[in-house]
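> Please work out how this folds:
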Amino acid sequence: MQEDLNRKRTEIFATKVTNHIDAMIAYWDKNLVCRFANASFLKWFGKSQEDMIDKMTLPDLLGPLYAKNFPYIQGALRGETQLFEREITLPTGEVRCSLAGYFPDIEDGKVLGFCAHVADVHKLKVLEKELIKSNEVITAQNNQLKNFANVVSHNLRSYSGNLDSLLQMLNPNDFDDEKAVILNYLGDLSKSFTATVNHLTEIVRTQNQQEKNHIPCNLLQFINQTVALLRLEIDACKATIQMNVDSGLSLITNPAYLESILLNLLTNALKYRHSSRQPLITLQSSETEQYIALDIRDNGLGIDLQRHGNSLFGLHQAFHGNTDANGIGLYITKYQVDSLDGFIEVESEVDVGTTFRVSFKK
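Predicted coordinates:
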């Protein structure tokens, strides 16, 4: 008798708990008769305890929906857990999305029935559809902007080339002093305009390369190719290149981006060398579970990170006053590394040198 009393208390307690849960919970025996339904389940289907418990069968409750759920019901009665999404029409006529789970009740190897857990995910599904639609709109807009940037870059390049050619045809010696000054001023403007257009073209070209397929790229092989490309500059400034890169490291990546990243960082190491010592550039690879990292360390001028750290990878940012610095190299490098799902870090000390660490995702 005490055992029956304890079981009754447990059932009452379980009912109280499940009635405070938003999800719908019900128990169906092997004959598909309802033996338990919580408050959320009754409310969803517009039924009362008297209508459901020990009376309502699952086919009667679901109506036309029963045929769609039948394979999952069979699976649960075979002792297999079932998870699936379903749209359910309420008694009010409203259609809502749900995520359902059927969990078999097994004793001594026999399936006695199954517990049904149904969560209302309608708001999430509506949000998911809105996000998909928004992404489609954003993708279309990005494609339009990319096409616009290509057209503008091409047209401006044509105009700047024509303007430069026309100015070269004019000789300042053929004009009086005042007009010669104006002509020289126009020449300077033309050079600045051409440089700006070239920078814009380079950025657009970089963004267009993002769509290229990723292929296996041996890291050391690409480093050697980049060093070979810069050999004249390396020899001219008597730089030493030390490489501690694992010859077996390979990336599945965009080869054009990898080449550009290496070229920009090595060029910077040479360009911003220290005047009082020969350049020493060290390349060191390392590997973690998720990333392959490459350190490019130099003994050059260094960067004041307290002053320039926040703007280091910004567009048109230059820090050493070089006349040939255009401030787009690190901007493009950061964009390319981010596009490859990697990240770039920097350590630097003025008059000591700089280390850029690029982490490529495996």
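> So Q74 versus Y335, what's the distance?
The gap separating Q74 from Y335 is 54 Å, by C-beta to C-beta, to the nearest Å. The C-beta positions use only the backbone N, C-alpha and C, and glycine is treated the same way.
> So the two - more neighbours on which side?
Using other C-beta atoms under 10 Å, the more surrounded residue of Q74 and Y335 is Y335, with 19 against 12.
> can you tell me the helix or strand for T267?
Using DSSP states H and E, T267 sits in helix 255-271.
> Going by neighbour count, list what's buried in that helix.
255, 257-266, 268-271 (16 or more other C-beta atoms under 10 Å).
> can you pull out the helices in the stretch 201-350 of the chain?
Taking DSSP state H, counting those that start in this stretch, the helices of the stretch 201-350 of the chain run over residues 219-229, 231-236, 255-271, 305-308, 329-339.
> The second one packs against which elements?
Meaning helix 231-236. helix 255-271 (3 or more C-beta pairs under 8 Å, 6 or more residues apart in numbering; DSSP states H and E).
> And the contacts of the helix it packs on?
Defining contact as C-beta atoms under 8 Å, 6 or more residues apart in numbering, one finds that helix 255-271 is touched by 206, 209-210, 212, 215, 217, 219, 222-223, 225-227, 229-230, 233-234, 237, 239, 251, 279, 281, 296, 298, 300, 322, 324-325, 329-330, 332-333, 336-337, 339-340, 354, 356, 358.
> Could you do stretch 58-67 as well?
In contact with stretch 58-67 (C-beta under 8 Å, 6+ apart) are residues W28, L32, C34, F45, K47, M52, N69, I73, R86, I88, T89.
> average model confidence for stretch 165-182?
On average, the pLDDT along stretch 165-182 is 68.
> swap that for stretch 109-122, please
Mean pLDDT, stretch 109-122: 91.
> what kind of secondary structure is the residue nearest to D29 when sequence neighbours are not counted in?
Distance criterion C-beta to C-beta, 6 or more residues apart in numbering; nearest residue to D29, sequence neighbours excluded, is G113 at 3.9 Å. Following DSSP: H, G, I helix; E, B strand; the rest coil, we place G113 in the strand state.
> and G113, how many neighbours does it have?
Counted with other C-beta under 10 Å, residues neighbouring G113 total 21.
> cool, Y331 as well?
Neighbours of Y331 under the rule other C-beta under 10 Å: 21.
> Show the pLDDT at it.
We have a pLDDT of 84 for Y331.
> is it true that it touches F313?
Yes. Checked against C-beta atoms under 8 Å, the pair Y331 and F313 is within contact range at 5.9 Å.
> P71: what secondary structure?
Under three-state DSSP, P71 falls in the helix class.
> What separation is there between it and R78?
The spacing between P71 and R78, counted by C-beta to C-beta, is 11 Å.
> ok, now H274?
75 Å.
> okay, those two: which has more neighbours?
Neighbour totals were compared for H274 and R78, and H274 leads with 16 against 10 (other C-beta under 10 Å).
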